[in-house]
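Peer 1: no sequence on this one, just coordinates:
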């Protein structure tokens, strides 16, 4: 029964963590685009967007990432036999890279707060989709477990990536008209 409570809390905080991972890069896009606005609009937008980003990041995203990690670890301690299954090794590898993605957003936030812009809004729009690819990969892996073919899984991921890139290109065309 303990496992089910751990799993429920884990899922709740995965959802809130991903909410932050989905919205932070979007705020970064707006921050970068605000730098091109004339004063006083630029200063007002930057002040508001930086405040929103800080509150989301430190009030929701970081705490959710920590609790997600804690609950995931507790579930593995509670059921260590999962560590002997191949799908779990792949999942933990994906989660490791997801945390690296999370840390990359921290670095971007720190840079943008200092007014350092290293990426275009288009590049940040693409970076915004990385969390989606992680979510899709991890959910399919957990639901299908060992019945998921590595080849079909990779082909599916490539297909979703192609759809996202196509969608972004179409959106850019529509936005520029």
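Peer 2: Sure thing, it's come through. Quick caveat: nothing in here was measured; it's all calculated off a predicted structure. Numbers count the residues shown, from 1 in each chain.
Peer 1: how about the helices in this structure?
Peer 2: 2-34, 41-56, 62-78, 86-113, 121-128, 130-144, 150-176 (DSSP state H).
Peer 1: Can I get those helices in CSV including mean pLDDT and mean neighbour count?
Peer 2: Just so you know, the C-beta spots here come from the backbone N, C-alpha and C atoms, and that holds for glycine as well. Converted to CSV, the helices of the chain look like this (pLDDT from 0 to 100; neighbours: other C-beta atoms under 10 Å):
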stretch, mean pLDDT, mean neighbour count
helix 2-34, 96, 18
helix 41-56, 97, 14
helix 62-78, 97, 16
helix 86-113, 95, 15
helix 121-128, 92, 17
helix 130-144, 89, 16
helix 150-176, 76, 11
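Peer 1: Disregarding residues adjacent in the polypeptide, which is nearest to residue 138?
Peer 2: Of all residues not flanking residue 138 in the chain, residue 94 sits nearest, at 5.3 Å (C-beta to C-beta, 6 or more residues apart in numbering).
Peer 1: which residues does the one you found contact?
Peer 2: Neighbour list for residue 94: 134, 137-138, 141 [criterion: C-beta atoms under 8 Å, 6 or more residues apart in numbering].
Peer 1: let's go with 7 Å and repeat that
Peer 2: Residue 94 makes contacts with 134, 137-138, as judged by C-beta atoms under 7 Å, 6 or more residues apart in numbering.
Peer 1: and which of those residues is nearest residue 47?
Peer 2: residue 134 (31.2 Å; C-beta to C-beta).
Peer 1: wait, isn't the closest one in contact with residue 98?
Peer 2: Yes - look at residue 134 against residue 98 with C-beta atoms under 7 Å: they come within range, at 4.7 Å.
Peer 1: could you list every residue that touches the closest residue in space to residue 131 that isn't next to it in sequence?
Peer 2: Nearest in space to residue 131, with sequence neighbours left out and distances taken as C-beta to C-beta, 6+ apart, is residue 21 at 4.1 Å. Taking C-beta under 7 Å, 6+ apart as the contact definition, residue 21 lies against 61, 102, 131.
Peer 1: Dihedrals phi and psi, residue 119?
Peer 2: phi -130, psi 150 (degrees, to the nearest 10).
Peer 1: I'd like to know how many residues surround it.
Peer 2: Neighbourhood size, residue 119 [other C-beta atoms under 10 Å]: 17.
Peer 1: pLDDT value on it, please?
Peer 2: pLDDT, residue 119: 96.
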